[in-house]
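Trainee: Pasting the sequence and the predicted coordinates here, then a few questions.
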Amino acid sequence: MAGPTSYPFLKGHGTENDFVVLLDPDGTVHGDLAPERVRALCDRRAGIGADGVLRVVRTIAYAPEQAGEAEWFMDYRNADGSVSEMCGNGVRVFARFLLEAGLATSPVPIATRAGLKTVTVDGTGPMAVFTADMGQPKVLGASQVTIEHHFWQATHVDMGNPHAVAFVDDLDPHGPVGPLVDPPVHDEDEYPDGVNVEFVVTRGERHVAMRVHERGSGETRSCGTGACAAMVAAAEAAADTPAITGQDVTYRVDVPGGVLAVTWTTDDRVLLTGPAVLVAEGETQL
């Protein structure tokens, strides 16, 4: 279905992981949201510029099997137009939009391709902090990632989407990790649908920093599910999990675009806490 010649959009970000937000309540304005439209919207030179597109659509119209759980479905597309299961920074921006538009109240249940995610808000206005329940992590064993002649052992963590977490000595873009212009090479049997790769250094007790190459978007300033995966892998490596400590465990995760807090709870849930900001709205013909 062809879209209208002009339609509204918003722009938002979570720790500088940025998104174009499209309101499409009944799923009729943008049809199947063609990949070429997503790429045009996300183009940083000829478009609005973003790491991905968040389409706000009623669950009954887009994913009726989840309609009993949430009124709204987050249809997330990567910058290259590919479909993604989930986005941790995006779901906070999605919740911010729903709350500011008067379409929901906190806590906000949101249907996604990775299941139901519930977002709560602490505070009001620009300084409000959003916490998304990202569900149960799955640590699926060891893998490997490679950049040119450098390779690292990685931990395969599933946060509703696939991650390979590699611990490194240095995040310098002039070092072995490099500028991450091209995706790190991964095992296609291990990750048949591609993978998000996090390179992580330890900064201190329960404190890590990371860079990320996101599947379908390239290197981004932040990745919410990636921060969760990095925290889980770090806690596992340090024998610092809730199963061992008997308490909730919270890590600080530094990303190029800011700081996120990730808590692994004793009931085996991962909570992602950080900002969500709407910065612009307008009309586009893209």
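Mentor: Cool, the structure landed.
Trainee: now the helices: where do they sit in the protein?
Mentor: For the chain, helices defined by DSSP state H occupy the ranges 35-42, 59-62, 88-100, 224-237, 242-245.
Trainee: So which bits of the last one are buried?
Mentor: Applying a neighbour-count criterion of 16 or more other CB atoms under 10 Å, one finds P242 buried in helix 242-245. The way it works is simple: take the backbone N, C-alpha and C, and place the C-beta from them, glycine included.
Trainee: how far does that helix sit from the chain's center?
Mentor: Helix 242-245 sits 26 Å away from the centroid of its parent chain (CA atoms, centre = their mean, to the nearest Å).
Trainee: pLDDT (mean, whole number) over that helix?
Mentor: For helix 242-245, the mean per-residue pLDDT is 97.
Trainee: Next, count neighbours for G160.
Mentor: Using other CB atoms under 10 Å, G160 is surrounded by 23 other residues.
Trainee: From D18, how far off is the nearest residue to G216 once chain neighbours are set aside?
Mentor: Excluding its sequence neighbours, the residue lying closest to G216 (CB to CB, 6 or more residues apart in numbering) is N78, at 2.9 Å. Distance check for N78 against D18: by CB to CB, to the nearest Å, it reads 13 Å.
Trainee: If you count surrounding residues, which of the two has more?
Mentor: Between N78 and D18, counted using other CB under 10 Å, the more crowded position is D18 (26 against 22).
Trainee: For the more buried one, list each beta-bridge partner.
Mentor: Assessed by DSSP bridges, D18 has beta-bridge partners H13.
Trainee: Correct me if wrong: it contacts G49.
Mentor: Yes: under the criterion of CB atoms under 8 Å, D18 makes contact with G49 at 7.2 Å.
Trainee: Now stretch 18-33: buried residues?
Mentor: D18, F19, V20, V21, L22, L23, D24, G27, V29, H30, L33.
Trainee: nope, stretch 205-222 is what I was after
Mentor: Applying 16+ other CB under 10 Å to stretch 205-222 flags 206, 208-222 as buried.
Trainee: And stretch 249-264, by the same measure?
Mentor: Of all the residues in stretch 249-264, those buried under the rule 16+ other CB under 10 Å are 249, 251-264.
Trainee: Stretch 157-169 too?
Mentor: If you call a residue buried by 16+ other CB under 10 Å, then stretch 157-169 has these buried ones: V157, D158, M159, G160, N161, P162, H163, A164, V165, A166, F167, V168.
Trainee: Run through the residues that contact the first one.
Mentor: Spelled out, it's V157. For V157, the contact set (CB atoms under 8 Å, 6 or more residues apart in numbering) comprises P137, K138, V139, L140, H163, A164, V165, C228, A229, V232, A233.
Trainee: what is the fifth one paired to in the beta sheet?
Mentor: Yep, that's H163 we're talking about. With DSSP bridges as the rule, H163 is bridged to V157, N196.
Trainee: contacting residues for it?
Mentor: Counting by CB under 8 Å, 6+ apart, H163 touches H156, V157, V195, N196, V197, E198, T225, G226, A229, A230.
Trainee: out of those, who has the most neighbours?
Mentor: Sorting those by how many neighbours each has (other CB under 10 Å) puts A229 first, at 35 neighbours.
Trainee: pLDDT value on it, please?
Mentor: At A229, the pLDDT value in this model is 98.
Trainee: now the strands: where do they sit in the stretch 51-200 of the chain?
Mentor: Using DSSP state E, counting those that start in this stretch, the strands of the stretch 51-200 of the chain run over 52-58, 72-78, 108-112, 115-122, 129-133, 138-147, 150-158, 162-167, 185-186, 196-204.
Trainee: just for the stretch 1-150 of the chain, where's the confidence low?
Mentor: Residue ranges of the stretch 1-150 of the chain with pLDDT under 70: 1-4.
Trainee: change it to 50
Mentor: Filtered on pLDDT under 50, the stretch 1-150 of the chain yields the residue ranges 1-2.
Trainee: re the thing from before, how about the buried residues of stretch 18-33, which pair is most distant?
Mentor: Spatial extent of the buried residues of stretch 18-33 (CB to CB) is set by the pair D18 and G27 at 23.6 Å.
Trainee: count of neighbours near L271?
Mentor: 19.
Trainee: What's the separation between it and R92?
Mentor: Going from L271 to R92 by CB to CB gives 12 Å.
Trainee: intersection of neighbour lists for those two?
Mentor: In contact with both L271 and R92: A132, using CB under 8 Å, 6+ apart.
Trainee: and E190, how many residues sit next to it?
Mentor: So E190, with other CB under 10 Å, has 16 neighbours.
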